[in-house]
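>>> Provided below for reference: sequence and predicted model.
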Amino acid sequence: MTARRGLLLVALSVAALASWYAARDSSDSESVQSPTRPAQRGYYLEDARILGTGPDGQLLYEILADHAEQLGDDQIRFSAVKVRYSPDSDVPWILTARSATLYPDRPEVQLEGDVRATSSQGFSGQATEILAETMTLDPERYEAETPDRIEVRIGDRSLTGIGMLASWKENRMEIRSNVSGRFLP
């Protein structure tokens, strides 16, 4: 082996060792800086229970959901939702829906998909059920409203119409238009 060949072998060995070291060092820093999954904004909850309070700080209502997730603009989206008032509020209505959204700048809960409001002590003291595709609930004012077609079942009686405003506290409901009904003797 000549000196020139030995020097070339040493130079190549040093170059290989330096490139290995540089590659190892940069791959370590890349693994620390870039996670395998992108970071997610917000939070999510399984079997969520969200409590809403009134102006006096007392429990007013609760939202139960299979899943709750904070969206990018601070909205909270719920799936398989049940909303009920606290026992102290003396409002016997329970609302269910496929999904609901809470907005940061509004006190309302937007219910969507097979919305159902039920009460065993509803109108005329009979079991009452109100069905709609969407409904906006203002829990602090004890009101719900929808522009959609609704169906109201009070015992054996049935009413349909377009649009509704309900006051849960006063146990009163107004159907806005196209009212028709079925009453059995």
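Alright, I've got the coordinates.
>>> residues in contact with residue 51?
59, 61, 62 (Cβ atoms under 8 Å, 6 or more residues apart in numbering). Quick note: C-beta positions are derived from backbone N, CA and C, even for glycine.
>>> need the residues you listed in TSV (columns: pLDDT and neighbour count).
TSV is the format used below for these (pLDDT from 0 to 100; neighbours: other Cβ atoms under 10 Å):
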residue	pLDDT	neighbour count
59	90	14
61	91	21
62	93	15
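>>> going by distance to residue 165, which of these wins?
residue 61 (18.6 Å; Cβ to Cβ).
>>> just say helix, strand or coil for that closest one.
Assigned with DSSP: H, G, I helix; E, B strand; the rest coil, residue 61 falls in the strand class.
>>> looking at it, it is touching residue 52, isn't it?
Yes - judged on Cβ atoms under 8 Å, residue 61 makes contact with residue 52 at a distance of 4.6 Å.
>>> shared neighbours, the two?
Counting by Cβ under 8 Å, 6+ apart, the residues touching both residue 61 and residue 52 are residue 139.
>>> number of nearby residues for residue 116?
Neighbourhood size, residue 116 [other Cβ atoms under 10 Å]: 15.
>>> where does it fall, secondary structure wise?
strand 109-119 (DSSP states H and E).
>>> how about the next helix or strand after that strand, which residues are buried there?
Next along the chain after strand 109-119, taking DSSP H and E as the criterion, comes strand 128-138. Under the neighbour-count criterion of 16 or more other Cβ atoms under 10 Å, strand 128-138 has 128, 130, 131, 132, 133, 135, 136, 137 buried.
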